[in-house]
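Chemist: here is my input; please provide its structure:
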Amino acid sequence: MKKLVAVLASSVMLASASVMNVSAADYEVEKGDSLWKIAQDYNTTVDNLIDINELDESIIFPKQKLLIYKKYLVQKGDTLYAIAKDHDVSVEDLKKWNELKSDLILIGQELSIKDSVNDNEEQSVATVSTKSQEVDSEEEQEPQGETISVSATAYTAKCDGCTGITYTGVDLNNNPDAKVIAVDPNVIPLGSEVYVEGYGYAIAADIGSAIKGNKIDIHLPTKSEALDWGVRTVDVTIIDKK
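Modeler: Residues are numbered from 1 along each chain as shown. The predicted model follows:
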């Protein structure tokens, strides 16, 4: 069962006497979780989780706190300006989060709202990025776990006949920089967090007909990068084995 850290519900009386219905949920990532699994459990999308938590990639870590959603039900007399002011966000942010082309909103319409966070909350929300990831340098140098030697090739989601969707549901078209590898599930279980020599931290989220035994296929954003990678023998450390 997933661990729900906090569920918040609030109602605030406006000058027009209308009630604002807002619901939100924070989720603490557990061992074996993936954004795809969390999105399925909470009836949302990987893209929405990435956007609302400002993640650069689809990689998450145990104990990381994610904002799942915050919804506001538009009431009679509401305006985007009033809603934005009440939630300490900007009108432009509201329009961006909800893909609104104008300031027009309708009674009963659901709006996604991201919490404005203070310094303490910002420290508790882990932003995952291969360029700015806050990982202990000692752990980064020596990732802990079972280490195996594999033959590693590379692929891109933009190949002929490719859908761009991994076996576990990661959309590589919308997340071209996602660190994902294809594996033989009998060797590296799907959903496992790994560290690949020369590639970095990644998630085992795909399979391939030619990926059998101690072989992996790493995802790279472009065809030229995949060709430059070629075939290499690298060490893979399975940090969080499913």
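
Chemist: doesn't Val196 make contact with Ile239?
Modeler: No - contact criterion Cβ atoms under 8 Å: Ile239 and Val196 do not qualify, at 10.7 Å. Any C-beta I mention is one placed from the backbone N, CA and C, and that applies to glycine too.

Chemist: for Gln144, give its distance to Val29.
Modeler: For Gln144, the distance to Val29 equals 18 Å [Cβ to Cβ, to the nearest Å].

Chemist: of these two, who's got more company?
Modeler: Neighbour totals were compared for Gln144 and Val29, and Val29 leads with 20 against 11 (other Cβ atoms under 10 Å).

Chemist: check contacts around the more buried one.
Modeler: Ile38, Ile60, Phe61, Pro62, Lys63, Gln64, Lys65, Leu66 (Cβ atoms under 8 Å, 6 or more residues apart in numbering).

Chemist: pull the number of nearby residues for the third one.
Modeler: The criterion is other Cβ under 10 Å. On that basis, Phe61 has 16 neighbouring residues.

Chemist: one more: the last one?
Modeler: Leu66 has 22 neighbouring residues, counting by other Cβ under 10 Å.

Chemist: tell me what it is bridged to.
Modeler: Tyr27 (DSSP bridges).

Chemist: and the pLDDT at it?
Modeler: With respect to pLDDT, Leu66 has a value of 86.

Chemist: go on, the fifth one?
Modeler: Listed pLDDT for Lys63 reads 86.

Chemist: domains in the protein, by residue range?
Modeler: Per the record, the chain has its domains at 4-124, 137-240, by automatic domain parsing.
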